[in-house]
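Undergrad: Predicted model follows, preceded by the sequence.
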Amino acid sequence: MSRIGKQPIEVPQGVDVTLNGQSVHVKGPKGELTFDAHPDMTVALDDGVITVTRPSDDPEHRALHGLTRVLIANMVEGVVTGFSKTLEIQGVGYRALQKGSGIELHLGFSHTIEYPTPDGVSLDLPDQTTIVVTGMDKQKVGQAAADIRSFRPPEPYKGKGIRYRGEKVRRKAGKTAGA
């Protein structure tokens, strides 16, 4: 049995969960999320506790069991507290500016990069070198942060670029003069 899949999901106060066949609809203080579970998985709601069960011990069912449970748990957590990723910009002259409904990035290229804010995600700029991506859908928050990071990933020689807060960049030694 999947260790993750067999754990029950506690539904906190103020969160409304409705099951309609394989469709799971979660509504909370931050908004609403919907997920369609795989047809082989069985999702049940009893007394404020969600459980996910699988029909057999096949490798596919074992993988789907834990995945389904985690996706539903992330929905419940997302509508209550939400998710956040913080990006840091490092490099001389590298900065981000709020521009309309998105951000404008100056990353050492001959042009600026404009990134529109995706639906369901908000981009905050506490200062010019920090971007905070927040939202209730964990997948959308992670994808938006990865898209922004992909414009200039940190390079290994000087460490310039966009990185996640707390990310360690392995540095390489530069070339040395040959004698």
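TA: Yep, that arrived. Since the structure is predicted, the reported quantities are computational estimates derived from the model, not experimental observations. Residues are numbered from 1 along each chain as shown.
Undergrad: Could you list the low-pLDDT ranges of the protein?
TA: 1-2, 178-179 (pLDDT under 70).
Undergrad: can you list the domains in this protein?
TA: 9-80, 83-164 (automatic domain parsing).
Undergrad: Make TSV from the ones you listed and add mean neighbour count and distance to residue 172 to it.
TA: In this view, the C-beta of every residue, glycine as well, is placed from N, C-alpha and C. As requested, the domains of the chain are exported to TSV (neighbours: other C-beta atoms under 10 Å; distance: least, C-beta to C-beta, whole Å):
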stretch	mean neighbour count	distance to residue 172
domain 9-80	16	36
domain 83-164	16	4
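Undergrad: from the chain's centre, how far out does stretch 101-118 sit?
TA: 20 Å (C-alpha atoms, centre = their mean, to the nearest Å).
Undergrad: now swap in stretch 157-171 and tell me
TA: With C-alpha atoms, centre = their mean, you get 19 Å for stretch 157-171.
Undergrad: Point to the residue nearest the middle of the chain.
TA: The chain has residue 142 as the residue nearest its centroid, 2.7 Å off, counting by C-alpha atoms, centre = their mean.
Undergrad: ranges for the helices of the chain?
TA: For the chain, the helices defined by DSSP state H occupy 59-80, 138-150.
Undergrad: can I get the ones you listed in JSON lines with distance to residue 37?
TA: Shown next, in JSON lines, are those (distance: least, C-beta to C-beta, whole Å):
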{"stretch": "helix 59-80", "distance to residue 37": "5"}
{"stretch": "helix 138-150", "distance to residue 37": "15"}
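Undergrad: circling back: what sits against the residue nearest to the centre of the chain?
TA: Contacts for residue 142 (C-beta atoms under 8 Å, 6 or more residues apart in numbering) come out as 83, 85.
Undergrad: Same check on residue 14?
TA: By C-beta under 8 Å, 6+ apart, residue 14 lies in contact with 28-29, 80.
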